[in-house]
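Participant: turn this into a model:
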Amino acid sequence: MKIKSLSRDEQSRIKKRFQDLFEHPDNLVPDLLDSSFFCPIESYRKKIRKMAEKGDFSYSGSDSFLSAVSETYRAMESDIPMMGILKTPYGSLSYVKRGNIDDRVLAGVQNWDNDTWRMLAFYNLVMSRNIRIFSSRNHYLASCRNTPPPVEFIEDVLNEEGIRFEREGSKIRVGVQDPSIRITVMSSVTIDVHSDSKYRTGFSLLKHMLMKAPDQDIGMDSDFLRCAGPDDASIKNRYLAGEIDDRHAIDLITSGRKTRVVKSGKYAIGSACYDSLDSFLSAIDGSGEYSEFIRRYGSGIYLESPSLVKVMEIVWPVLGQDISQAKIGRYAKTFSEMISARSQLENGVSIGFEAWSEDSQFLADLIKAYRSGGVQSAVLSMRDRAKNHVQRSILYAFTAGVGGTSVGYIFDEDDRKLGTEISGYVGAIARSENVEENLKKIRAYIP
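Facilitator: Next comes the predicted model:
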């Protein structure tokens, strides 16, 4: 405990606060959400009222709360040259040290007008009898029989802490972007916290609750990749302690689950788990041709979205030689290289120009696929091969200038902007119209 000295003016202000307390001593005792035979909360209220009626707050028993009330009253009648400073996870608070009373209980009584510190008045009671205290700007509540706080209390806390939220029934949402975590208070009130939240929602809630076992009363889970199994318990502990914010906690949970999916030999795409390799591959266009090879991979696979190219990038270091030997009769360093070589071998289609770069090769392969298999087949087969901005822009230009199945979800604003500029050139080259002239023009965009 640290000590600080007080001036006469400071002593006067503190005594005035104590006088305000004893003008309305009922403020010391929270409202009950429930009751039980062994719950002393209502008994405290009756005793405080009786003391107030007599104008005598003296107490000589062993109860720490009533002792703290009595010593605080006596402090008004004496000098207060010094105050103690108590450190907590939520900051430091000052109090007048009196007798042998627990510092936390004494500080809680004396800071009756602070909705975080006032809960400490019942610290010993909470730890010994498993009572729970809930305190916010507009609510001061106690539960003796595991009754959770009402959703209105949670709303009050979030408003007080400056956390923006939306409510629907007994559910509250903080942020909008998935993935998310679900915080539950005593298995009742639910707060869905999304990954775009920069708040410390769990820490802020716990700041307004005094519980013996907060790790049990405050639940934290996520629907993201449930097949991955339990999360590292230290993430929840650090989150509730305020060491990490909402976004960081969600990132640790999701990244850990992705890793465990792979290490445990499971299969998942996005936030969904698949119960077998067959069901996993059925969600990925074009994977059936390579399923016999992928079965030999021997590890789990996680994808952010369904993509044959991504699957092949994952398995290629292990299976690439076998796959490329089977498909083109030689080793290819990458899946894209194999596809390009295979395209040339299979259709031998003339496109009227030679590629001059990796991106121009993408254009060449796109046109070959179009001439050999049609518009829709070309778009679908090249969709997963569009690895960068230029290649996606070429594909967008093709869909704008020639047509094909919509794959608009893969394009961002920059892709569409460049694609629009070159769509006339790409369409003309695909239709063999003024190829040389349009190639000269498109070289300014495709290095």
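Participant: pLDDT on the strand or helix carrying residue 181, on average?
Facilitator: Assigning secondary structure by DSSP states H and E places residue 181 in strand 180-185. Mean per-residue pLDDT for strand 180-185: 96.
Participant: ok, now stretch 161-177?
Facilitator: Stretch 161-177 shows a mean pLDDT of 93.
Participant: tell me the buried residues in it?
Facilitator: For stretch 161-177, burial by neighbour count (16 or more other CB atoms under 10 Å) applies to 161, 163, 165, 172-175. Every residue, glycine included, has its C-beta placed from N, CA and C.
Participant: distance between the ends of that stretch?
Facilitator: 21 Å (CA to CA, to the nearest Å).
Participant: show residues contacting that stretch.
Facilitator: Outside stretch 161-177, the residues that touch it by CB atoms under 8 Å, 6 or more residues apart in numbering are 151, 154-155, 158, 188-197, 199, 201, 204, 207, 246.
Participant: returning to what we had before: can you list the strands that the following helix or strand past the strand holding residue 181 pairs with?
Facilitator: Remark: after strand 180-185, the chain's next helix or strand is strand 189-194, criterion DSSP H and E. If you go by DSSP bridges, strand 189-194 pairs up with strand 171-174 (parallel), strand 180-185 (antiparallel).
Participant: quick check: which element contains the nearest residue to residue 73 once chain neighbours are set aside?
Facilitator: Once flanking residues are discounted, residue 73 sits nearest to residue 57: 3.9 Å by CB to CB, 6 or more residues apart in numbering. Secondary structure assignment for residue 57, by DSSP H and E: no helix or strand.
Participant: quick revisit: now for the buried residues of stretch 161-177: which two are most distant?
Facilitator: Maximum pairwise distance in the buried residues of stretch 161-177, criterion CB to CB, is 15.6 Å, between 161 and 173.
Participant: next, count neighbours for the residue nearest to residue 342 when sequence neighbours are not counted.
Facilitator: Nearest residue to residue 342 in three dimensions, chain neighbours excluded: residue 328, at 5.1 Å (CB to CB, 6+ apart). For residue 328, the neighbour count with other CB atoms under 10 Å is 19.
Participant: got it, and residue 94?
Facilitator: The tally of other residues near residue 94 (other CB under 10 Å) stands at 17.
Participant: restricting to C-alpha, output whichever helix or strand it is part of in PDB.
Facilitator: Per DSSP H and E, residue 94 falls inside strand 91-95. The C-alpha coordinates for strand 91-95 follow below in PDB (Å, rounded to 0.1, in the frame of the first residue of the first chain):
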ATOM      1  CA  GLY A  91      -6.600   1.700 -11.900                       C
ATOM      2  CA  SER A  92      -5.600   3.100  -8.500                       C
ATOM      3  CA  LEU A  93      -8.000   4.500  -5.800                       C
ATOM      4  CA  SER A  94      -7.400   6.400  -2.600                       C
ATOM      5  CA  TYR A  95      -8.900   5.700   0.800                       C
END
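Participant: offset the numbering so it begins at 25, please.
Facilitator: Will do, 25 is the new start, and the previous item becomes strand 115-119.
Participant: touching, the residue nearest to residue 366 and residue 364? I think so.
Facilitator: No: counting by CB atoms under 8 Å, residue 352 does not reach residue 364; the two are 9.6 Å apart.
Participant: how far away is the residue nearest to residue 97 from residue 149?
Facilitator: Between residue 81 and residue 149 the computed distance is 19 Å (CB to CB, to the nearest Å).
Participant: give me the more crowded residue out of those two.
Facilitator: A count of neighbours by other CB under 10 Å puts residue 149 above the other of residue 81 and residue 149, at 23 against 19.
Participant: ok, the closest residue to residue 414 other than its chain neighbours - contacts?
Facilitator: In this structure, residue 414 finds its nearest non-sequential neighbour in residue 383, 4.5 Å apart by CB to CB, 6+ apart. Residues in contact with residue 383 (CB under 8 Å, 6+ apart) are 412, 414-415, 418, 470-471.
Participant: ranges for the helices of the stretch 75-224 of the chain?
Facilitator: 88-99, 127-134, 147-153, 175-184 (DSSP state H, counting those that start in this stretch).
Participant: who wins for proximity to residue 294 among those?
Facilitator: Nearest of the helices of the stretch 75-224 of the chain (CB to CB): helix 175-184, 29.1 Å.
Participant: just how off-centre is the closest one within its chain?
Facilitator: 20 Å (CA atoms, centre = their mean, to the nearest Å).
Participant: tell me the angle it makes with strand 204-209.
Facilitator: Interaxial angle of helix 175-184 relative to strand 204-209 (axes from the mean of the first three to the mean of the last three CA atoms, to 10 degrees): 120 degrees.
Participant: flag the shaky bits of the stretch 225-374 of the chain, pLDDT-wise.
Facilitator: 367-374 (pLDDT under 70).
Participant: rerun at 90
Facilitator: 308-314, 322, 331-333, 348-374 (pLDDT under 90).
Participant: which stretches of it form strands?
Facilitator: Remark: strands assigned in the stretch 225-374 of the chain by DSSP state E, counting those that start in this stretch are 233-234, 242-245, 291-293, 296-298, 325-327.
Participant: from the buried residues of stretch 185-201, which is closest to residue 359?
Facilitator: Nearest to residue 359 among the buried residues of stretch 185-201, counting by CB to CB, is residue 199 at 36.7 Å.
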